[in-house]
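> Sharing a model prediction with you, sequence too.
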Amino acid sequence: MVSRENAIILACVVPTTVAYFALTSLTDWPGWTYTAVLLGFGVVLPSLLVGYDSTRGEASG
């Protein structure tokens, strides 16, 4: 069974990876923007969501 934390991470990383490859092939943005998208949505967002979920779980239980 997949833990809630892993499900959140997977739900963020998979679309981020697809978006990263789509953006790099379809747009002509500066290179740092691709890295920002990858880090922002693939690392920072899942960390924030997992942190929020864990604090919410402690408060209710």
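Looks like it arrived, so ask away.

> Which secondary structure elements does the helix or strand Ala22 falls within sit against?
Per DSSP states H and E: Ala22 is located in helix 4-26. Other helices and strands packing on helix 4-26, by 3 or more C-beta pairs under 8 Å, 6 or more residues apart in numbering; DSSP states H and E, are helix 31-39, helix 45-60. For the C-beta atoms, the positions are set from N, CA and C on the backbone; glycine is no exception.

> Is it possible to get those helices out as JSON lines so that each row also shows mean pLDDT and mean neighbour count?
Shown next, in JSON lines, are those (pLDDT from 0 to 100; neighbours: other C-beta atoms under 10 Å):
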{"stretch": "helix 31-39", "mean pLDDT": "94", "mean neighbour count": "13"}
{"stretch": "helix 45-60", "mean pLDDT": "82", "mean neighbour count": "12"}
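
> OK, contacts around the closest residue to Ala19 other than its chain neighbours?
By the measure of C-beta to C-beta, 6 or more residues apart in numbering, the closest residue to Ala19 outside its immediate chain neighbours is Val37, 6.5 Å from it. Taking C-beta atoms under 8 Å, 6 or more residues apart in numbering as the criterion, Val37 is in contact with Thr16, Ala19, Tyr20, Leu23.
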